[in-house]
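Enquirer: no sequence on this one, just coordinates:
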């Protein structure tokens with residue numbers, strides 16, 4: 001994506017796509033579950049919007065056009081882009097909206113809440129590994145579901161061992177006791193939990209591969225699952 005010359009060379013070598021199998025075709029052919037999609041708009045709050053504008057201005061100062069006419073961004077600009085993306089990912093209104101959207105589902109089961117690897121309320125010095133600034137979104141979501149709404153939830157992250165993950169998947173499939181899994185990026189690849197019926201995706205992505213993986217995770221065929229629902 002960041003190397004158009006190299007990308008073109010690869011396309012010239014391998015030729016056109018040999019096969020394309022999209023979600024619509026998979027559903028038509030009975031390989032995936034039909035689903036309802038309910039996108040929910042969330043807006044930045046005033047202080048978040050000011051931070052977003054400030055970061056956008058700083059990012060614009062880090063962009064330039066090289067001698068080949070290509071738009072380039074500095075390494076500092078890339079860090080600023082990451083900070084802006086994290087700001088959007090951790091927007092406080094996502095938690096407010098989730099709280100309301102989840103209320104009709106408090107007695108339901110087989111739900112997935114997909115969080116971003118980000119924090120809420122503050123983004124200074126934000127890293128994947130440090131919880132010193134702000135609260136991780138996954139923790140905030142778990143508090144809303146578990147403490148406020150009284151639901152039985154569990155985390156599914158890179159912190160759990162393989163044995164723990166298998167135990168979680170088994171108890172989740174039986175809805176005994178877990179009603180919902182609150183997960184982050186580790187669920188993108190290589191994890192199959194077909195019993196998920198309803199998903200709340202807080203971690204939006206512009207990466208086509210991740211977008212399909214996250215949606216496909218919810219559309220696996222399972223008994224007593226005529227359709228899935230995605231928010």
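Expert: Here it is on my side, so go on. Since this is a predicted model, take the numbers as computed values, not measurements. Residues are numbered from 1 along each chain as shown.
Enquirer: can you get me a residue count around residue 149?
Expert: A total of 17 residues lie near residue 149 under the criterion other C-beta atoms under 10 Å. In this view, the C-beta of every residue, glycine as well, is placed from N, C-alpha and C.
Enquirer: all helices for the chain, in order.
Expert: 4-14, 23-28, 46-61, 75-89, 92-102, 137-142, 162-173, 208-218 (DSSP state H).
Enquirer: to residue 36, which of the ones you listed lies closest?
Expert: Taking C-beta to C-beta, helix 208-218 is the member of the helices of the chain nearest to residue 36, at 10.9 Å.
Enquirer: same question for that closest one, mean pLDDT?
Expert: Throughout helix 208-218, pLDDT has a mean value of 78.
Enquirer: tell me which residue is most central in the chain.
Expert: Against the mean C-alpha coordinate of the chain, by C-alpha atoms, centre = their mean, the closest residue is residue 203 at 2.7 Å.
Enquirer: return the most buried member of the helices of the chain.
Expert: Sort the helices of the chain by mean neighbour count, taking mean count of other C-beta atoms under 10 Å, and helix 137-142 sits at the top with a mean of 22.
Enquirer: separation between residue 151 and residue 118?
Expert: Residue 151 sits 22 Å away from residue 118, going by C-beta to C-beta, to the nearest Å.
Enquirer: ok, residue 149 next?
Expert: Remark: distance between residue 149 and residue 118 (C-beta to C-beta) = 22 Å.
Enquirer: just to revisit the earlier point, now the helices of the chain in JSON lines, with distance to residue 67?
Expert: Below are those laid out as JSON lines (distance: least, C-beta to C-beta, whole Å):
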{"stretch": "helix 4-14", "distance to residue 67": "14"}
{"stretch": "helix 23-28", "distance to residue 67": "42"}
{"stretch": "helix 46-61", "distance to residue 67": "20"}
{"stretch": "helix 75-89", "distance to residue 67": "18"}
{"stretch": "helix 92-102", "distance to residue 67": "42"}
{"stretch": "helix 137-142", "distance to residue 67": "42"}
{"stretch": "helix 162-173", "distance to residue 67": "51"}
{"stretch": "helix 208-218", "distance to residue 67": "31"}
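Enquirer: closest to residue 155 out of the ones you listed?
Expert: helix 137-142 (6.5 Å).
Enquirer: contact partners of stretch 140-156?
Expert: With contact meaning C-beta atoms under 8 Å, 6 or more residues apart in numbering, stretch 140-156 is reached by 95, 98-99, 102-103, 106, 113, 115, 120, 138, 165, 168, 171-172, 177-184, 186-187, 191, 202.
Enquirer: the same query, at a cut-off of 7 Å, please.
Expert: 95, 98-99, 102, 106, 113, 115, 120, 138, 165, 168, 177-183, 187 (C-beta atoms under 7 Å, 6 or more residues apart in numbering).
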